[in-house]
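S.K.: Below is the structure, and that's it, no one-letter string:
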Ligand SMILES: N[C@@H](CCC(=O)NCCCC(=O)O)C(=O)O
């Protein structure tokens, strides 16, 4: 029996200097690729050194895009601010690709899932802004992971979020509240006009949204559903729904493809 090809998901890489000689590397976190493979039943793909001018031709070859989390921040120049803390890492090459990629995905009905930095990128790409230091904003909590804890605890449940009644997030969670992990220092300041908030932390910070009027799956979350996604029904449902959208796009992209 011939197995059908997996839908392809483009995960833009991080740009990082590593090793004794600060050599440039293109990086993708294993947990994001693994969640695409196992949770969405799709094949992660990288396009190293992809440039904004190539977005259209590369998007034509994939069934969806996952914008991952990363230790780096979106450069605040993209929302008309100066850098407040120069010690925090940036990745201008990633910004140059992903901000344009968000707009292209929406224009071409390519399924789009944003996680943590990816969630922040979608907001900025569509005209929103970020708090550069959430914990310094009066009334907002510290949403960062606690230093020094084992990784299991860093990515373990951290705080509750309220999920919009009747939203797909509430469907995925099977409730209007969920416990999520939390590993971010920045967060939504001004929500972009076309985004519909779908989840809030107890301090009111927006933690998930959908793109209003999107022709296909266009959701993003501030937490990390990729972490051990098959062990958490809410996280698993997020990737399963993304996978369904990928298969819809695969069928549109390759209508004569064998399905058995
Ligand atoms: N730098 C931003 C984004 C935070 C983020 O994406 N964290 C992920 C850390 C590494 C990973 O799990 O991939 C912020 O601090 O707000």
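M.R.: Okay, I see it. Fair warning: this is a prediction, and the values are worked out from it, not measured in the lab.

S.K.: got the residue ranges for the strands in the stretch 151-260 of the chain?
M.R.: Taking DSSP state E, counting those that start in this stretch, the strands of the stretch 151-260 of the chain run over residues 159-163, 177-180, 187-188, 195-201, 206-211, 218-221.

S.K.: Tell me which of these sits nearest to residue 6.
M.R.: strand 218-221 (20.7 Å; Cβ to Cβ). C-beta: built from backbone N, CA, C; applies to glycine.

S.K.: quick one: the closest residue in space to residue 227 that isn't next to it in sequence and the ligand, what's the gap?
M.R.: In space, residue 227 comes closest to residue 155 once its chain neighbours are excluded; the distance is 4.2 Å by Cβ to Cβ, 6 or more residues apart in numbering. According to Cβ to the nearest ligand atom, to the nearest Å, residue 155 and the ligand sit 7 Å apart.

S.K.: which one of the strands of the stretch 151-260 of the chain lies closest to the ligand?
M.R.: strand 187-188 (6.5 Å; Cβ to the nearest ligand atom).

S.K.: which residues touch that closest one?
M.R.: Defining contact as Cβ atoms under 8 Å, 6 or more residues apart in numbering, one finds that strand 187-188 is touched by 120, 123, 128, 130, 131, 134, 140, 143, 205, 206, 222.

S.K.: Looking at neighbours, which among those residues is most surrounded?
M.R.: residue 222 (31 neighbours; other Cβ atoms under 10 Å).

S.K.: Compute the number of surrounding residues for the spatially closest residue to residue 237 that is not a sequence neighbour.
M.R.: Leaving aside its chain neighbours, residue 237 sits nearest to residue 172 (3.7 Å; criterion: Cβ to Cβ, 6+ apart). Residue 172 is flanked by 21 other residues according to other Cβ under 10 Å.

S.K.: can you give me the helices in the protein?
M.R.: Along the chain, counting by DSSP state H, helices occupy 30-34, 55-59, 92-107, 117-125, 151-154, 168-173, 233-253.

S.K.: most tightly surrounded among the ones you listed?
M.R.: Ranked by mean neighbour count, the helices of the chain are led by helix 117-125 with a mean of 25 (mean count of other Cβ atoms under 10 Å).

S.K.: roughly how far is that one from the heart of the chain?
M.R.: Put simply, helix 117-125 sits 8 Å off its chain's centre (Cα atoms, centre = their mean, to the nearest Å).

S.K.: Could you check the angle that helix makes with strand 195-201?
M.R.: With axes from the mean of the first three to the mean of the last three Cα atoms, to 10 degrees as the basis, helix 117-125 and strand 195-201 are set at 140 degrees to each other.

S.K.: looking at it, the residue nearest to residue 227 is touching residue 181, isn't it?
M.R.: Yes. The pair residue 155 and residue 181 passes the contact test of Cβ atoms under 8 Å, sitting 4.9 Å apart.

S.K.: joint contacts of these two?
M.R.: Contacts common to residue 155 and residue 181, judged by Cβ under 8 Å, 6+ apart, are 224, 227.

S.K.: follow-up on the earlier one: let me see the contact set for the residue nearest to residue 237.
M.R.: Contacts for residue 172 (Cβ under 8 Å, 6+ apart) come out as 234, 237, 238, 241.

S.K.: I appreciate the help and will end here.
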